[in-house]
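Asks: coords please:
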Amino acid sequence: MWIAPYHRDALINNENHASFGEKVETLTLTDELQWDKLPRQYIRLPDHFCKGATCFDRDGKAPPSHKTLLPCEATFRYSITEPTVAVAFLPDHAILTGKGDNARIISESLWHSELFFSKYVRNDRSTEWQWRVDPAWTETHVVSEEINYCYHRYQYQYFHWLMDSLWRVWLVHRCLPSSRKNRWFIGPLAQHFQIPSLALFDISPDDCHWINGNAIVRFEHAIFQTATFEEPLKTLRPSYDFGTYHVGWSPAYFEELHDRAVAKYASSTRVSSNEKLYITRQHATHRRIVNENEVIARLEPRGFRVVDPAAYPFAEQVSLFASARAIASVHGAGLTNALWARRGCRMLEFAPEGLNDIGYRFLADLAGHDYAVIVCPTLEHRLGLPYADLRVDIEALDRALEEFF
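Replies: Sure, this is the predicted structure:
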């Protein structure tokens, strides 16, 4: 059902898909102008002003090293459909609704998707970046019950589970209380954080439906949730010319997620504590700090405790970070745990120079924390910059400890 990946822009083997299948339009569910295409609720949350990041170098505070760190106004839009007929090509998460001339691809569902490598779909330079679909498939599974579709292909990663899957559950609870009793299409629930975080919304594994492996699934009555986060800096890595993210984060989602998690998994004693935590990646296979011993030697006398979140079950991670009033860490999934800290936590990120990934900068701001960054030079890595180890400038760290913490 899947073809070998190819260079969609260069088309090295002279592929020409201009006549492949039939042209299919996309449908943006968070666009009010496309209201008539599919019945749904539309939700616009209040705009949010994101503070600029504080940067430190060895000489003190430095101007932001990239526009990703500048102040900006952010907007948040959500939609949630009425039960509808649709097809998904698993393990991708993109959704095709309707049939024939009424067929549409939900554009927000293309976020992180690789639908263009389906045997039945093309989208590349030869199609002028229009979607073309061959409708000759036969469904391998049919889900006839009414179901909430909350699946995302990267849900096995901690950050993406919370930012790309679990917010869908939150939106259903917020907007469609009657649909809470439906089944949930989400899985496989193989990661330690998935079941206990679903429990925050009173969902058990028995409430969830999943189909393993490559499958073409037809849904007879699926409810879809979409989100659009926009900021004017246009910071979408790596090209920095979009500024539109189909990710479910917002102050409203983070606040409710935090409150539910802390109420369930953290004691009042823990919440009232004032921990300073340094997140180590010493057991990771990439993006480690090569002079970590020097970093820890500066942090520990200031009261920082070294922790490895991967060593804790989800409930204990929530409990641990609920106590944090200061967090320092290299860029990585462990920083996602800042969600469980009290508003006003101070969060310092050691960011690889040139990566310019805005994920934790915006996470911190939307969660109500104060954020600062030290941009760090990297070593070469055969898989590229996102995997590279880095070195922290100790004089810059001293500045941050003195002025930020």
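Asks: helices of this protein, start to end?
Replies: 158-160, 166-175, 194-198, 251-265, 268-271, 292-299, 314-322, 359-366, 394-403 (DSSP state H).
Asks: which residues are in contact with the fifth one?
Replies: What that stands for is helix 268-271. Applying C-beta atoms under 8 Å, 6 or more residues apart in numbering, the contact partners of helix 268-271 are 262, 319-320, 322-323, 342. Bear in mind the C-beta positions are built from the backbone N, C-alpha and C, glycine included.
Asks: would you reformat the residues you listed as TSV and include pLDDT?
Replies: Below are these laid out as TSV (pLDDT from 0 to 100):
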residue	pLDDT
Val262	96
Ser319	95
Leu320	95
Ala322	95
Ser323	93
Arg342	94
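Asks: could I get the residues you listed as CSV with distance to Phe117 and neighbour count?
Replies: Shown next, in CSV, are these (distance: C-beta to C-beta, whole Å; neighbours: other C-beta atoms under 10 Å):
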residue, distance to Phe117, neighbour count
Val262, 41, 21
Ser319, 41, 22
Leu320, 40, 22
Ala322, 41, 25
Ser323, 44, 21
Arg342, 43, 19
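Asks: now these in JSON lines, with distance to Thr235?
Replies: Formatted as JSON lines, the contacts of helix 268-271 follow (distance: C-beta to C-beta, whole Å):
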{"residue": "Val262", "distance to Thr235": "30"}
{"residue": "Ser319", "distance to Thr235": "33"}
{"residue": "Leu320", "distance to Thr235": "30"}
{"residue": "Ala322", "distance to Thr235": "30"}
{"residue": "Ser323", "distance to Thr235": "32"}
{"residue": "Arg342", "distance to Thr235": "27"}
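Asks: which of those residues sits closest to Cys175?
Replies: Val262 (23.4 Å; C-beta to C-beta).
Asks: quick one: that closest one from Leu96, how far?
Replies: 39 Å (C-beta to C-beta, to the nearest Å).
Asks: out of the contacts of helix 268-271, who's nearest Ala222?
Replies: Of all those, Val262 has the smallest distance to Ala222: 32.2 Å, by C-beta to C-beta.
Asks: Ala333 contacts Tyr158, doesn't it?
Replies: Yes: using C-beta atoms under 8 Å, Ala333 makes contact with Tyr158 at a distance of 4.6 Å.
Asks: so between the two, which is more surrounded?
Replies: Tyr158 (23 against 20; other C-beta atoms under 10 Å).
Asks: gap between that one and Pro205?
Replies: Distance from Tyr158 to Pro205, by C-beta to C-beta: 18 Å.
Asks: likewise Ser272?
Replies: Applying C-beta to C-beta to Ser272 and Pro205 gives a distance of 33 Å.
Asks: out of those two, which sits in the busier spot?
Replies: Pro205 (15 against 10).
Asks: read off the pLDDT value for the more buried one.
Replies: pLDDT recorded at Pro205 is 97.
Asks: that one: what's it in contact with?
Replies: Applying C-beta under 8 Å, 6+ apart to Pro205 gives the contacts 189, 195, 198.
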